[in-house]
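# Need coordinates for the following:
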Amino acid sequence: MDPEKLKEITQAASAAVKDLDPDLKSLAFQTILEKLLAKEEGGPRGVTARKTKRRIQAKGRSGGSARGGAPSDDTTKKLLEGINRSKYPAMHNLKTTKEKSLYILQIAKDEQGVDGLTPPQISRILDQTFRVKATPQAVSMALMGELKFVDRKPAPRSSGGKVFSYRIMHSGEQHLKGLLDRAEKAE
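Modelled structure (predicted):
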């Protein structure tokens, strides 16, 4: 391919991603560049940088694919920015992933008005806000066996696998209150 044409295509891909979230830029640039190169070399017709940019922007807004993805990553960002871990020292007195996950669901609901999170969201908040390791799989296993404490609903996911959103129920709130009361007395 002509070096000038390659430079033109690269500039077009760069222009298409200039206003995107930094987390999406690299992937978007690569995708757009591949599509433009394929089009230039006689690949699939009808793929333009503008269409690809719209698809990637939709992915960024939804937290998943443009066709309906996972629960919004904006929710996770809101919680990561809004939860002050120093207000919840009892988190570190809780023993199990189930207890810590219930506490995250309670904090999200009470403090941020977010009623329902997926295991990856809970795991990320535990890890990044409270510096407590818990994989999404561990959170999922802990909560799926406690349906008396949480409500579980399917949530869309772009990768095709199943993921559930969990909401803390009244019995879960009462159970957590008892745990936190005992934890305070033990201090």
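
# Give me the distance between the spatially most central residue of the chain and Thr135.
Centroid-nearest residue in the chain, with CA atoms, centre = their mean: Asp73, separated by 4.0 Å. With distances taken as CB to CB, to the nearest Å, Asp73 is found 18 Å from Thr135. C-beta coordinates here come from the backbone N, C-alpha and C atoms, glycine included.

# Would you mind identifying the next helix or strand past the lowest-mean-pLDDT helix or strand in the chain?
Lowest mean confidence among the helices and strands of the chain (mean pLDDT, DSSP states H and E): helix 49-62, at a mean of 49. Using DSSP states H and E, the next helix or strand after helix 49-62 towards the C-terminus is helix 73-82.

# Now that following helix: average pLDDT?
Averaged across helix 73-82, the pLDDT comes to 85.

# name the helices or strands packed onto that helix?
helix 97-112, helix 119-128 (3 or more CB pairs under 8 Å, 6 or more residues apart in numbering; DSSP states H and E).

# The shortest one packs against which elements?
With contacts defined as 3+ CB pairs under 8 Å, 6+ apart, the packing partners of helix 119-128 are helix 73-82, helix 97-112, helix 136-144, strand 163-168.

# Serialize these to JSON lines and add fields for distance to Gly178.
Below are those laid out as JSON lines (distance: least, CB to CB, whole Å):
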{"stretch": "helix 73-82", "distance to Gly178": "24"}
{"stretch": "helix 97-112", "distance to Gly178": "11"}
{"stretch": "helix 136-144", "distance to Gly178": "17"}
{"stretch": "strand 163-168", "distance to Gly178": "14"}
